[in-house]
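K.L.:
compute the structure for the input listed below.
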Amino acid sequence: MHHNKLFAQQLLNWYDQYGRHDLPWQHPRNLYQVWVSEIMLQQTQVVTVIPYFERFMARFPDVATLAQATEDEVLHLWSGLGYYARGRNLHQAAHLIQNQYKGCIPEDTDTLISLPGIGRSTAAAILAQALGQRHAILDGNVKRVLSRFYAIEGWPGQKTVENRLWLLSEEITPDTRVADYTQAIMDLGATLCKRSQPDCPACPLNTQCLAHQQNDVARFPAPKPRKIIPIKQTRMLILRNRHNHILLLKRPPSGIWGGLWSLPECDDSTDITDFCQQQLGLDIGEIVPGSPLRHSFSHFHLDIQPISAPAKIRENAIMAADERVWYNNQLPDNRGLPAPVIQLLARYTHYNNGDNT
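P.N.:
Just a heads-up that it's a prediction; the model follows:
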């Protein structure tokens, strides 16, 4: 197809003038920096990622430092970015790189994909940008750009549609300036060819774009078939000891907020006093419900009912084998906490300062 070369050329001309050239992971564009940035950018926009990336690099400037850190330190710097499995995978991959690859990030696709948290497109983006290797990428931005440019019907998450987009991406990826091209097509999707209200007049590809020619850009890419987002409920217990420290439990490694420290939770049908005695080995005083908080994930809403109570360890209580800590809110330390827990802790610090009891 003759316009493939044209596609890359027009895109690169646009990029030279309007693309992003001053992103922190472009200076230097080394494997480690690009890898960390690509993982952070998997589900998060550039503007949000930049400050996290800079703090992360200041604390973990290389693979060795990252591999030596504890998971808590890594998740602490990830707090607020969401999708915490990304942070855990990054940390585990750093271990593997240290132990199996003598501390050198692999420079071929297959080995890179074998590391936790790195799929086909991420591996391609890392090698293209850091080393200029020619690899096609297909992240969300690229799927959107190509679906519109070629007016591809169907939801890109569907295997047949996705395979077709991979072939097209492979076809139009140029042989030279691959690092710039990769950044360029991601930039185009992020800045002009946006999901809603794309800026077609400013787009360098608008004359060949089929969706634009058909005056039907909004129809592509086809949305994912809708699912109703369920609402789940939980109660989070803010249990304070006599020093006003609050009980936190470490969550299991997999599942939501895996590896982060959170408040004890129990459902509506459970008696809180019994729960605290049996599950936590604590006797509690007066129970005070707080105002509820909704936290939304990509696939469900979580309605949190906070409940606070003073607590003390029961005489002859069998301590549960869970990892727990009485957390001093006045002296926050560097452990990973879920966003709503940070909000609730802030609320209760506030209360405690107000009533000097």
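
K.L.:
tell me which residues in the longest strand seen in the chain are buried?
P.N.:
If you go by DSSP state E, the chain has its longest strand at strand 301-313. Neighbour-count burial for strand 301-313 flags Leu302, Ile304, Pro306, Ile307, Ser308, Ala309, Pro310, Ala311 (criterion: 16 or more other Cβ atoms under 10 Å). Just so you know, the C-beta spots here come from the backbone N, C-alpha and C atoms, and that holds for glycine as well.

K.L.:
mean confidence score for the next helix or strand after that strand?
P.N.:
Following strand 301-313 in sequence order, the next helix or strand is strand 324-327 (DSSP states H and E). Computed over strand 324-327, the mean pLDDT rounds to 94.

K.L.:
same question, stretch 196-212
P.N.:
If you average the pLDDT over stretch 196-212, you get 96.

K.L.:
endpoints of it, how far apart?
P.N.:
Using Cα to Cα, to the nearest Å, the end-to-end distance of stretch 196-212 comes out at 14 Å.

K.L.:
can you list the domains in this protein?
P.N.:
3-219, 231-354 (automatic domain parsing).

K.L.:
which residues touch Leu263?
P.N.:
Met236, Leu237, Ile238, Ile246, Leu247, Leu248, Leu249, Pro306, Val341, Leu344 (Cβ atoms under 8 Å, 6 or more residues apart in numbering).

K.L.:
which ones are touching the fifth one?
P.N.:
Residues in contact with Leu247 (Cβ under 8 Å, 6+ apart) are 237, 239-241, 263-264, 280, 282, 311, 324-327.

K.L.:
hmm, back to that, would you single out the least confident of the domains of the chain?
P.N.:
When those are ranked by mean pLDDT, domain 231-354 comes last with a mean of 90.

K.L.:
that older thread, which strands and helices lie in contact with the longest strand of the chain?
P.N.:
Under the contact criterion of 3 or more Cβ pairs under 8 Å, 6 or more residues apart in numbering; DSSP states H and E, strand 301-313 touches strand 231-240, helix 272-280, strand 282-284, strand 288-289, strand 293-296, helix 339-354.

K.L.:
can you list the residues that contact stretch 42-52?
P.N.:
Outside stretch 42-52, the residues that touch it by Cβ under 8 Å, 6+ apart are 20, 23-24, 37, 40-41, 77-78, 80-83, 86, 122, 139, 190.

K.L.:
could you redo the last one with a cut-off of 7 Å?
P.N.:
For stretch 42-52, contacts defined as Cβ atoms under 7 Å, 6 or more residues apart in numbering pick out Leu23, Pro24, Ser37, Met40, Leu41, Leu81, Gly82, Tyr83, Arg86, Thr122, Ala190.

K.L.:
next one: stretch 73-90
P.N.:
By Cβ under 7 Å, 6+ apart, the surrounding residues in contact with stretch 73-90 are 36, 39-40, 42-44, 52, 55-56, 59, 71, 91, 116-117, 257-260, 334-337, 339, 342.
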